[in-house]
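Novice: Need the 3D shape of this:
(chains A, B, C and D)
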There are 2 protein chains.
Amino acid sequence: MTTRDRIVALADDLIRDRGINAFSFADISEEMGIKNASVHYYFPTKSSLCLAVIKRQQVALEEMISLAKKSAPLDRLEQYMSIYDRSKEADRVCLVGSLAPDLHTLNEDIRVALKEVAARILEWVTEILEEGRDEGVFRFGGNARSRALLIVTNMLASLQLTRLTKSEDFSIIKKSIIKDLTS
Amino acid sequence: MTTRDRIVALADDLIRDRGINAFSFADISEEMGIKNASVHYYFPTKSSLCLAVIKRQQVALEEMISLAKKSAPLDRLEQYMSIYDRSKEADRVCLVGSLAPDLHTLNEDIRVALKEVAARILEWVTEILEEGRDEGVFRFGGNARSRALLIVTNMLASLQLTRLTKSEDFSIIKKSIIKDLTS
DNA sequence: GTCTATATTCCGATAGAC
DNA sequence: GTCTATCGGAATATAGAC
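Specialist: From the prediction side, this is the model:
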């Protein structure tokens, strides 16, 4: 992994651990054994670093959507949920859920990119639900996008809320979502 | 309203607007037309101020629960949801949803208080759902607490996600929750 | 209870050598 | 591409006068 990539990966982890406004270039440079100024060589501003983190997430998301393309709807939904599994294991929240509360402190570039991510996730989940209903494996009321809104909000907030309640609550939420759809 | 109360109310608004780590004592003192040091007279540390904000929320929550006590389950659920209505109108997220992503930057006192709030909300919604099901006005699968987890995560994240998607999505989520329970 | 003044620390960012 | 050195600013917090 290049130095640049390591910086972005570390920033991603810090944002999802403590929030964008609670980490510094020093956190990154110290962890990497380089100097503050070296991080600025790659990312002149904190905003540019944050934007790179979001762009990286966009790429990863498209990759995952592509890879999952041939799977059945239920498998695809479980692959979507597995994103949050990995976050939960590390006690991280998701990127959208970390940045949305701080949105009013972020510049326009970042807001736009984040909106793209949110829209793409919703689009993907909507697609999965539609196909699942057409195939008769999912049952749910309302249209697919409304149902996707419910599921995405469940997953986003599950990482936040279960920092405060019992950890098992995360898997209760996941299982409830699947059960609601399949019974 | 006393100066102290105004400070706490302003801090609450700032936390839910931009996050705990993105506002300063200056934001509060300037808005109130007093000096930085005067805010410190009431709250020696930022942590003590944050704790006061959470305690205030606890009081407001108990008040609302008390007042709603005699209402029917569906009314009570709508009163619960109306908390988020008011936040959405002001483009604020909820307190739990603002602080949970930053939890690892907060001290133990605050974490404990925040866990109490989350537990109390869950307890209340669970109670409403149980009673509604007993009375035959709500229908849902799984136990009441699991269902409460789904609804609370829907509401918490709706404020965050709809900062990024269409504003109407907030009311779509709300209506979907009610419809799922009552049909 | 509010003020002025300031200590202290930290952070984002840049200049310029190597 | 990484370093040393540092600037400028902002933030939390405190001392002490009024």
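Novice: In chain A, which helix is the longest?
Specialist: helix A:108-134 (DSSP state H).
Novice: Between helix A:108-134 and the host helix or strand of residue A:52, find me the angle.
Specialist: Here residue A:52, judged by DSSP states H and E, is contained in helix A:46-68. If you take axes from the mean of the first three to the mean of the last three C-alpha atoms, to 10 degrees, helix A:46-68 sits at 20 degrees to helix A:108-134.
Novice: Remind me what helix A:46-68 packs against, helices and strands.
Specialist: helix A:3-18, helix A:73-89, helix A:95-99, helix A:108-134 (3 or more C-beta pairs under 8 Å, 6 or more residues apart in numbering or on different chains; DSSP states H and E). For the C-beta atoms, the positions are set from N, CA and C on the backbone; glycine is no exception.
Novice: And DNA strand C, is it touching that?
Specialist: Yes - Helix A:46-68 lies within reach of DNA strand C by C-beta under 7 Å from any atom of the strand, at A:46-47.
Novice: quick revisit: what about the longest helix of chain A, distance to the chain center?
Specialist: The chain centre lies 11 Å from the centre of helix A:108-134; the measure is C-alpha atoms, centre = their mean, to the nearest Å.
Novice: Go through it and flag the buried ones.
Specialist: Going by neighbour count (16 or more other C-beta atoms under 10 Å in any protein chain shown), the buried part of helix A:108-134 is A:110-111, A:113-114, A:117-118, A:121-122, A:124-130, A:132-133.
Novice: Can you add mean pLDDT and distance to residue A:151 and give the helices and strands packed on helix A:46-68 back as a markdown table?
Specialist: Formatted as a markdown table, the helices and strands packed on helix A:46-68 follow (pLDDT from 0 to 100; distance: least, C-beta to C-beta, whole Å):
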| stretch | mean pLDDT | distance to residue A:151 |
| --- | --- | --- |
| helix A:3-18 | 98 | 20 |
| helix A:73-89 | 98 | 8 |
| helix A:95-99 | 98 | 14 |
| helix A:108-134 | 98 | 6 |
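Novice: For chain A, what lies in contact range of DNA strand D?
Specialist: Going by C-beta under 7 Å from any atom of the strand, the residues of chain A near DNA strand D are A:3, A:29, A:33-38, A:41-42.
Novice: Buried among the residues you listed? Make that a ChimeraX selection.
Specialist: The buried subset of the residues of chain A next to DNA strand D, as determined by 16+ other C-beta under 10 Å, is captured in ChimeraX by this line:
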select /A:29,42
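Novice: Redo the residues of chain A next to DNA strand D as a markdown table? Include secondary structure.
Specialist: A markdown table is the format used below for the residues of chain A next to DNA strand D (DSSP: H, G, I helix; E, B strand; the rest coil):
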| residue | secondary structure |
| --- | --- |
| A:3 | helix |
| A:29 | helix |
| A:33 | coil |
| A:34 | coil |
| A:35 | coil |
| A:36 | helix |
| A:37 | helix |
| A:38 | helix |
| A:41 | helix |
| A:42 | helix |
